[in-house]
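# okay, sequence plus prediction incoming.
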Amino acid sequence: MKVGYVAVIGRPNVGKSTLVNTLLKFKLAAVSPKPQTTRYKILGIINEEDAQILLLDTPGIFKKSMYALHNYMIKEAVESIRDADVVVWVVEPVMPTELEEDIAEKIKETTKEKKTPVILAINKIDTVHKNALLPIMDAYSKLYDFSAYVPISALKNDGLDILLEEIKKHLPEGEPFYPTDQLTDKPLRFIVAEIIREKIFLHYRQEIPYSIAVKVEEFREGDPIYIRAVIFVERESQKGILIGKGGQALKRVGTEARKEIEAILGKKVYLELWVKVKKDWRENLAFIRELELGF
């Protein structure tokens, strides 16, 4: 069997989480049109007859930030490159910028000892004419010596079979690391918290999505399953915006999240949402790590 870790990396909002979800055929990672939706490294497991592919969805790589959370996100992505057997660098079908040059340097620095194969996945090809891809590939070839170039559309599931074959080509042989019916190493509480956070990213603007954190504090089996989740904000004023007039804004988030959680669990769910202020939580590394663990 081919078995190994595959780091899916790139700048924010290029479609890394959409790619991972589509490959898994399961909604594991939160997805929204806003950049920096993914905050943590998330493992998704593809089990095939001849391979176990361990996909690491990673936060987008960007310039250093004033927030400890953002720098933690960048560190998560770079560590994933270091741990990977194969790297899939996801880009959009446009010419590379200074940020891509920085990412190429990070990859070179991180993979120089292992000589990890790196595949360039040019995503969103459904948005451009195919003749536009050759000069883009040429420009990227000057930044890095890629093992393969694979044009894809993660949203349309186009080219992903070719991408999987390229990944498997470079994976080492070995025994499966996880049971063949397992999809992730994340606890269910983490997945539920990500669903709630995704709905907030979809429905709120400006600073609100970035200033919230979600933690499932109680998950109790029963009929229905009882889930109590806390949404943390940094300031009292954000709490009012999140809840909305008469609690309607928060109710919409709860309703949409509950329906998605029920679809995953196949059972009725009673979802209770609370909003609390945790001042400057984005600077609290212990709390950030707690959120990543899911408990």
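Happy to help now that I have it. Computed from a predicted structure; not experimentally measured. Numbers count the residues shown, from 1 in each chain.
# so where's the chain uncertain?
295 (pLDDT under 70).
# mind running it again at 80?
Low-confidence segments of the chain, defined by pLDDT under 80: 64-66, 294-295.
# how does it divide up, domain by domain?
2-170, 188-293 (automatic domain parsing).
# wait, is Thr66 part of a helix?
You called it Thr, but residue 66 is Met. No. Met66: not assigned to a helix; according to DSSP: H, G, I helix; E, B strand; the rest coil it is coil.
# show me where the stretch 101-250 of the chain has helices.
All helices of the stretch 101-250 of the chain, identified by DSSP state H, counting those that start in this stretch, fall at 133-141, 160-170, 188-203, 236-243, 248-265.
# can you redo the ones you listed as TSV with mean neighbour count and distance to Lys276?
Using the backbone N, CA and C atoms, a C-beta is placed for each residue, glycine as well. Converted to TSV, the helices of the stretch 101-250 of the chain look like this (neighbours: other CB atoms under 10 Å; distance: least, CB to CB, whole Å):
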stretch	mean neighbour count	distance to Lys276
helix 133-141	14	45
helix 160-170	17	40
helix 188-203	21	14
helix 236-243	15	8
helix 248-265	16	13
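# circling back to that earlier point, nearest to Asp181, of the domains of the chain?
With CB to CB as the criterion, Asp181 lies closest to domain 2-170 of the domains of the chain, at 7.5 Å.
# gap between the two ends of that closest one?
Chord length of domain 2-170, first to last residue, is 9 Å (CA to CA, to the nearest Å).
# need the contact list for Arg220.
226-227 (CB atoms under 8 Å, 6 or more residues apart in numbering).
# what's across from it in the sheet?
Beta bridges link Arg220 to Tyr226, judged by DSSP bridges.
# for the nearest residue to Pro176 once chain neighbours are set aside, the count of nearby residues, please.
Nearest residue to Pro176, sequence neighbours excluded (CB to CB, 6 or more residues apart in numbering): Gln52, at 4.4 Å. The tally of other residues near Gln52 (other CB atoms under 10 Å) stands at 21.
# so Gln52 belongs to a helix, correct?
No. Going by three-state DSSP, the assignment for Gln52 is strand, not a helix.
# the residue lying farthest from the centre of the chain and Gly254, how far apart?
Among the C-alpha atoms of the chain, the one most distant from their mean position (CA atoms, centre = their mean) is that of Gly246, at 32.8 Å. Distance, Gly246 to Gly254, using CB to CB, to the nearest Å: 14 Å.
# just the strands in the protein please.
2-9, 42-48, 51-57, 86-91, 118-122, 148-151, 213-220, 225-233, 269-277 (DSSP state E).
# how about these in JSON lines, adding distance to Ala30?
Shown next, in JSON lines, are those (distance: least, CB to CB, whole Å):
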{"stretch": "strand 2-9", "distance to Ala30": "14"}
{"stretch": "strand 42-48", "distance to Ala30": "9"}
{"stretch": "strand 51-57", "distance to Ala30": "10"}
{"stretch": "strand 86-91", "distance to Ala30": "16"}
{"stretch": "strand 118-122", "distance to Ala30": "20"}
{"stretch": "strand 148-151", "distance to Ala30": "25"}
{"stretch": "strand 213-220", "distance to Ala30": "10"}
{"stretch": "strand 225-233", "distance to Ala30": "14"}
{"stretch": "strand 269-277", "distance to Ala30": "16"}
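# most tightly surrounded among these?
strand 86-91 (a mean of 25; mean count of other CB atoms under 10 Å).
# then it to PDB, C-alphas only?
This file holds the C-alpha atoms of strand 86-91, laid out as PDB (Å, rounded to 0.1, in the frame of the first residue of the first chain):
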ATOM      1  CA  VAL A  86       4.100  15.100  -0.400                       C
ATOM      2  CA  VAL A  87       3.200  18.800  -0.600                       C
ATOM      3  CA  VAL A  88       0.300  20.000  -2.700                       C
ATOM      4  CA  TRP A  89       0.600  23.800  -3.200                       C
ATOM      5  CA  VAL A  90      -2.800  25.100  -4.300                       C
ATOM      6  CA  VAL A  91      -2.800  28.400  -6.300                       C
END
